[in-house]
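S.K.: make a model of this:
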Amino acid sequence: MLLGLVLPLLLPLVSWPVARWLAPRLAPQSATRLLTVLAVVFAAGSTCALALGTATGLSLVPEVAELGEFSPAAFSAQASVDVPFAIGCGVLLAGAAFGLGHAVRAQWRWYRRVHSELDQHSRENGVVVLPGAEPVAFAIAGRGGRIAVSTGMLAALSAGERVALLHHERAHLRLRHPVYASLGVLAAALNPFVRPLTTAAQFAMERWADEAAAAGVGDRRVVATAVAKAALATKHEPSYALAAGGGPVPQRVRALLDAPSPHRLRGLTAVAVAVVFGVCGAAAGVGAQAAFTLHADIEAAQLATCAAHPVLTQRPHGQATLTAVREYRRECTQG
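M.R.: The predicted structure is shown next:
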């Protein structure tokens, strides 16, 4: 069972090489989806492994064993428990739970605060214009989706660049990028080792919105200029927001100025994707087998505990079957 717990814990360590190799070879929309899914799968798998390891150790605690109606000694006889490993899993699981709770709370408070501020300003054509010289432009989910642009940002851009900026931000909302971004934040909160995947996915979202804006405007150079100016003008990028000036701007500008090249999942890239998902599938299978093994060990401990009871030992030889155990447990519950 130990192998089934260790493998999902080790998988997130490949996040950096996977993100570095795959992200440049995929179209932005494919990179966004694939990297986000991998981050969620890696984080969820490692968290489930930690939960199983913790549950194995907790099964030796008398109070917990009593709730499961078996004795710790009977469970120890059925399962080989690595106590230090179980304690380590418990500590890491508590850290992951704390990180997830903190991320959810911080994100929720930020969304409420920003929406509360935006409610104080008028909304024209789906865009909230914020007064102030500080250049700000971002898209935020909720309330049907909102785009906020400051007068300082509008003053820093030409008319064509303003149109490109709005196309970029509208693309974020239309393509549901805040959902991908939120999933990435939660995955990284559960397991910080998947952060390279979420960072690469966020850059892919910006590139995806850039390409959507270029298609809407019909001029890639105008979009590149708008992205560069927005990045140079922006001083403080709001947390959890998808802003036109976010991400590695020089790479985004270079990609826009270059002729668009087709990105297709074929050759070595397709093989790499298949290998990654194959390993994920194998880890999921091994983890599921570990969960089934733990469940079987607990049932065997319950059976051994009940069979050792004086009432059951008085039954004829061979009658202490699972049916007899269930009958006895029902009698104890009713009595």
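
S.K.: quick one, strands of the chain?
M.R.: For the chain, strands defined by DSSP state E occupy the ranges 123-124, 127-130, 137-140, 146-150.

S.K.: in TSV, list these along with mean pLDDT, mean neighbour count and distance to T56.
M.R.: Glycine gets a C-beta too; all of them are placed from N, C-alpha and C. Formatted as TSV, the strands of the chain follow (pLDDT from 0 to 100; neighbours: other C-beta atoms under 10 Å; distance: least, C-beta to C-beta, whole Å):
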stretch	mean pLDDT	mean neighbour count	distance to T56
strand 123-124	76	12	54
strand 127-130	89	17	52
strand 137-140	88	25	43
strand 146-150	89	22	47
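
S.K.: wait, which of those is closest to I87?
M.R.: strand 137-140 (41.8 Å; C-beta to C-beta).

S.K.: convert the closest one to PDB, retaining C-alpha atoms only.
M.R.: The C-alpha coordinates for strand 137-140 follow below in PDB (Å, rounded to 0.1, in the frame of the first residue of the first chain):
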ATOM      1  CA  ALA A 137      -7.300  47.500 -16.500                       C
ATOM      2  CA  PHE A 138      -8.500  44.100 -15.600                       C
ATOM      3  CA  ALA A 139     -11.400  41.600 -16.000                       C
ATOM      4  CA  ILE A 140     -13.100  40.000 -13.000                       C
END
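
S.K.: show me what it is packed against.
M.R.: Counting by 3 or more C-beta pairs under 8 Å, 6 or more residues apart in numbering; DSSP states H and E, the packing neighbours recorded for strand 137-140 are helix 83-118, strand 146-150, helix 159-174, helix 177-190.

S.K.: what helices and strands are in contact with the third one?
M.R.: For helix 159-174, the elements it packs on are strand 137-140, strand 146-150, helix 195-217, helix 220-233, judged by 3+ C-beta pairs under 8 Å, 6+ apart.

S.K.: in that helix, what's buried?
M.R.: By neighbour count with 16 or more other C-beta atoms under 10 Å, helix 159-174 contains the buried residues 161-173.

S.K.: from those, pick the one nearest Q202.
M.R.: Nearest member of the buried residues of helix 159-174 to Q202, counting by C-beta to C-beta, is H172, at 11.0 Å.

S.K.: quick check, the closest one in contact with A213.
M.R.: No. Between H172 and A213 there is no contact under C-beta atoms under 8 Å: 9.9 Å.

S.K.: which regions of the stretch 1-150 of the chain lie under the pLDDT threshold?
M.R.: Counting by pLDDT under 70, the ranges of the stretch 1-150 of the chain that qualify are 1-4, 68-69, 74, 77-79.

S.K.: let's see 80
M.R.: Low-confidence segments of the stretch 1-150 of the chain (pLDDT under 80): 1-5, 7, 59-82, 122-126, 133, 143-144.

S.K.: centroid residue for this structure?
M.R.: Of all residues in the chain, the one closest to the mean position by C-alpha atoms, centre = their mean is A187, 2.6 Å from it.

S.K.: give the contact list for it.
M.R.: 36, 39-40, 42-44, 194, 197-198 (C-beta atoms under 8 Å, 6 or more residues apart in numbering).

S.K.: if you rank these by neighbours, which is first?
M.R.: The residue in the contacts of A187 with the most neighbours, by other C-beta atoms under 10 Å, is A39 (32 neighbours).

S.K.: look up how far R174 lies from that residue.
M.R.: 23 Å (C-beta to C-beta, to the nearest Å).

S.K.: what's the answer for V6, then?
M.R.: In terms of C-beta to C-beta, V6 sits 42 Å off from R174.

S.K.: what do you get for A304?
M.R.: In terms of C-beta to C-beta, A304 sits 60 Å off from R174.

S.K.: could you do T199 as well?
M.R.: 23 Å.

S.K.: repeat for A49
M.R.: Taking C-beta to C-beta, one finds A49 at 37 Å from R174.

S.K.: tally of neighbours for A27?
M.R.: Counted with other C-beta under 10 Å, residues neighbouring A27 total 18.

S.K.: I'd like the numbering to begin with 58 instead of 1 from here.
M.R.: OK, 58 is where the count begins now, so the last one is A84.

S.K.: now it: how far from M262?
M.R.: 12 Å.

S.K.: could you do H229 as well?
M.R.: Taking C-beta to C-beta, one finds H229 at 7 Å from M262.

S.K.: ok, now H159?
M.R.: Look at H159 and M262: by C-beta to C-beta, they are 23 Å apart.

S.K.: F99 too?
M.R.: Taken as C-beta to C-beta, the span from F99 to M262 is 19 Å.

S.K.: ok so, going back, quick one: which two of the buried residues of helix 216-231 are the most distant?
M.R.: Greatest spatial distance among the buried residues of helix 216-231 (C-beta to C-beta): E218 and L230, at 19.5 Å.
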